[in-house]
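Undergrad: A structural model of the following input is requested.
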Amino acid sequence: MRKYSFYLLLIFLPLSLLACQKTMDETNANKNVESQELAFSKDGISIKTEEEVYKVDTPEIILVVENESEETFRSGANFEIEKKTDGQWHEFPLASTFIPAIGLDLPAGKTGKLKLLTEDLKYKLSPGVYRAIFAGQASIFKVTE
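TA: Purely as a prediction, here's the structure:
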């Protein structure tokens, strides 16, 4: 009986560890974002991606920022992207935490562009629905084969 219990332990212990590992990996890789709903325009500033559809092998994603306000818009941050899976937006992280901030100084009535190189992403793009996030706003785009 003791020998039988030992073999059961050898079988179930690794299985339970594998189950825990899968959960931890899913949690780390699919971090839900707090703001599930974001507008594309706020306070006279609107954003949109240059293309509505990008290919999985695109080298860059361009974000167009339009300042329809009466003041110069200044922002010191790059934009990020998120991917929609299972009806929720999830972070689509950069490969490095150090990406030089380009920032934007956009006079009233002007349009500017920001570029995100896909080589700076931690993972390769795969088909699906994404959104570019900048200055508390979002622009939805698709990625296809």
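Undergrad: so what's Lys142 up against?
TA: With contact set as Cβ atoms under 8 Å, 6 or more residues apart in numbering, Lys142 has these partners: 52-54, 127-130. Bear in mind the C-beta positions are built from the backbone N, C-alpha and C, glycine included.
Undergrad: Among those, filter down to the buried ones and hand me the PyMOL syntax, if you would.
TA: Per 16 or more other Cβ atoms under 10 Å, the buried members of the contacts of Lys142 correspond to this PyMOL selection:
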select buried, resi 54+130
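Undergrad: Lys84: which of the contacts of Lys142 is nearest?
TA: The nearest member of those to Lys84, counting by Cβ to Cβ, is Val129 at 4.4 Å.
Undergrad: For that closest one, give the beta-bridge partners.
TA: In this structure, Val129 bridges to Lys142 when assessed by DSSP bridges.
Undergrad: shouldn't it be in contact with Lys84?
TA: Yes - using Cβ atoms under 8 Å, Val129 is in contact with Lys84, at 4.4 Å.
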